[in-house]
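Asks: pasting a predicted model and its sequence here:
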Amino acid sequence: MKQLIKFTAFFLIASFIFTSCKKEIPVPIYGTMPVSVPASRHCLGAGEYDLDIIASGTFNFLDNYNDPWDGDPPGFYYDETYMRAKGIIQPLGNFEIGVYEYADSAVLSDSLYSTGMQIMNDVPNPSLFVGGDLSGINFKKLIREGGGSFTGTITVTYGTAKYCDANVFKNLPPLIVTGNLNVGTQTISLRITGKTFF
């Protein structure tokens with residue numbers, strides 16, 4: 001009986017501590033790099049920006065990939081491409097750009113499951129970011145064909161500006177993404193232009 005009372009008291013105290021902690025809203029980011037933002041965050045008001053970011057970085061391609069630690073079901077394989085590049089947005093400073101693409105693992109298939117891109121300030125706990133769906137680019141196909149130049153768009157669907165206005169990205173035209181992918185050196189150069197809000 002004494003152990004049951006101890007266990008019940010421990011459970012009640014642990015439940016109280018767990019439920020009274022600050023809740024966080026997960027923010028999707030490319031691949032397996034989660035970032036969280038406190039639910040109580042106030043509007044940062046960084047404002048509107050006409051972007052013209054030039055960035056460079058590296059990419060990786062994982063063929064027939066399955067990550068059971070990431071919740072992938074057994075037997076489900078896909079090809080994953082992920083990229084990281086760094087650039088500067090004046091006057092906000094250094095930013096990191098992340099790109100992911102999940103594609104059908106069949107060698108000659110150009111079918112994509114999911115793609116996305118995020119632009120966030122390059123600090124340990126990013127406070128400014130935008131991200132969304134990437135379209136018009138098929139990195140798996142580009143890698144298979146030996147690399148080269150590409151053009152596409154990012155439809156921004158989330159970011160820190162949503163804390164100021166939930167509809168801020170609703171009628172925003174897509175950002176334009178251009179660049180070059182070098183298969184031999186596994187490097188990528190990007191240019192992102194267009195209007196967005198941080």
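Replies: That came through, no problem. Residues are numbered from 1 along each chain as shown.
Asks: mind exporting the C-alpha coordinates of the lengthiest strand in the chain to PDB?
Replies: Across the chain, the longest stretch assigned as strand under DSSP state E is strand 48-65. Written as PDB, here are the backbone C-alpha positions of strand 48-65 (Å, rounded to 0.1, in the frame of the first residue of the first chain):
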ATOM      1  CA  GLU A  48       8.700  42.800 -45.600                       C
ATOM      2  CA  TYR A  49      11.800  42.000 -47.600                       C
ATOM      3  CA  ASP A  50      12.700  42.000 -51.300                       C
ATOM      4  CA  LEU A  51      15.000  39.000 -51.200                       C
ATOM      5  CA  ASP A  52      18.000  38.600 -53.500                       C
ATOM      6  CA  ILE A  53      20.000  35.900 -51.700                       C
ATOM      7  CA  ILE A  54      23.100  34.300 -53.300                       C
ATOM      8  CA  ALA A  55      24.200  31.200 -51.400                       C
ATOM      9  CA  SER A  56      26.400  28.200 -51.800                       C
ATOM     10  CA  GLY A  57      26.700  24.900 -50.000                       C
ATOM     11  CA  THR A  58      26.700  21.200 -50.300                       C
ATOM     12  CA  PHE A  59      24.200  18.400 -51.100                       C
ATOM     13  CA  ASN A  60      23.800  14.700 -50.300                       C
ATOM     14  CA  PHE A  61      21.800  12.100 -52.200                       C
ATOM     15  CA  LEU A  62      20.700   8.900 -50.300                       C
ATOM     16  CA  ASP A  63      19.600   6.100 -52.700                       C
ATOM     17  CA  ASN A  64      17.000   3.600 -51.500                       C
ATOM     18  CA  TYR A  65      16.800   5.100 -48.100                       C
END
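Asks: from the chain's centre, how far out does that strand sit?
Replies: Centroid separation for strand 48-65 versus its chain: 10 Å, with C-alpha atoms, centre = their mean, to the nearest Å.
Asks: what is the mean pLDDT for it?
Replies: Taken as a whole, strand 48-65 has an average pLDDT of 88.
Asks: surely A85 meets M117?
Replies: No. The criterion here is C-beta atoms under 8 Å, and A85 misses it with M117 at 10.0 Å. Any C-beta I mention is one placed from the backbone N, CA and C, and that applies to glycine too.
Asks: mutual contacts of the two, please.
Replies: Residues touching both A85 and M117 (C-beta atoms under 8 Å, 6 or more residues apart in numbering): I97, V99.
Asks: what about those two, which has more around it?
Replies: M117 (27 against 23; other C-beta atoms under 10 Å).
Asks: element containing that one?
Replies: For M117, the host element (DSSP states H and E) is strand 112-121.
Asks: so what are the sheet partners of that strand and their directions?
Replies: Strand 112-121 sits in its sheet next to strand 93-104 (antiparallel), strand 129-135 (antiparallel), going by DSSP bridges.
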